[in-house]
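Enquirer: Build me a model from this:
(one chain, ligands or ions: 1)
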Amino acid sequence: MTDQELIRAAFAVREKAYTPYSHFKVGAALLTKSGKVFTGCNIENASFSPTICAERAALAQAVSAGERTFDTIAIVGSLEGQVNSLPTSPCGVCRQALFEFGGPGLRVILARSEQDYQEFTLGQLLPLGFGPANLAE
Ligand code: THU
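Expert: All right, here's what the predicted structure looks like:
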């Protein structure tokens with residue numbers, strides 16, 4: 001699985017985003033250490049706060065399938081019908097949710113296209129993240 005293929009999977013699931021309120025469509029593709037890909041889109045709600053981000057939707061798919069060890073997540077997002085100028089960066093809640101399973105080593109790809117993307121680690125995006133290891137002390 002190349003970075004380009006993972007980004008393509010994120011763009012494909014972005015088409016499924018349910019965004020009648022923000023019209024901002026996000027797709028995420030999560031690659032497991034075993035080489036499987038799980039995808040998710042954002043799902044909004046008339047009551048706003050129950051909205052699920054694409055990253056957590058992908059995580060829920062993966063964990064529900066029994067997967068807990070992840071290598072990379074690719075994230076794409078933009079307003080409907082537009083190409084964004086800024087990369088879509090995961091919100092704080094999603095960083096925390098991903099940290100639970102990926103820890104600081106998870107690769108995070110923020111893509112505007114298959115060719116135009118930046119790569120970070122989750123540790124860069126969430127320094128000193130609180131995870132299961134903290135509770136085990
Ligand atoms: N959103 C995501 O799905 N992931 C992100 O990384 C940023 C924000 C969604 C939530 C909401 O449906 C819309 O984008 C606008 O905030």
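
Enquirer: For the rest of this, base every contact and every neighbour count on C-alpha atoms.
Expert: Will do.

Enquirer: so Phe38 sits in a strand?
Expert: Yes - assignment of Phe38 by DSSP: H, G, I helix; E, B strand; the rest coil places it within a strand.

Enquirer: and it, how many neighbours?
Expert: 23 (other C-alpha atoms under 10 Å).

Enquirer: Disregarding residues adjacent in the polypeptide, which is nearest to it?
Expert: Sequence neighbours aside, Leu30 is the residue nearest to Phe38 in space, at 5.2 Å (criterion: C-alpha to C-alpha, 6 or more residues apart in numbering).

Enquirer: check contacts around the one you found.
Expert: By C-alpha atoms under 8 Å, 6 or more residues apart in numbering, the residues touching Leu30 are Leu6, Val37, Phe38, Thr39, Ala58, Leu59, Ala62, Phe70, Asp71, Thr72, Ile73, Ala74.

Enquirer: most neighbours, which of those?
Expert: Ranking the contacts of Leu30 using other C-alpha under 10 Å puts Ile73 first, with 30 neighbours.

Enquirer: That one contacts Val108, doesn't it?
Expert: Yes - under the criterion of C-alpha atoms under 8 Å, Ile73 makes contact with Val108 at 5.1 Å.

Enquirer: interface residues of the protein facing the ligand?
Expert: Within the chain, the positions adjacent to the ligand are Thr19, Ser22, Phe24, Val26, Asn42, Glu44, Cys53, Ala54, Thr88, Ser89, Pro90, Cys91 by C-alpha under 6 Å from any ligand atom.

Enquirer: With distance to Leu126 and secondary structure added, can I get these in TSV?
Expert: What follows is the residues of the chain next to the ligand, written out as TSV (distance: C-alpha to C-alpha, whole Å; DSSP: H, G, I helix; E, B strand; the rest coil):
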residue	distance to Leu126	secondary structure
Thr19	27	coil
Ser22	25	coil
Phe24	23	strand
Val26	20	strand
Asn42	21	coil
Glu44	25	coil
Cys53	17	coil
Ala54	18	helix
Thr88	15	coil
Ser89	12	coil
Pro90	10	coil
Cys91	10	coil
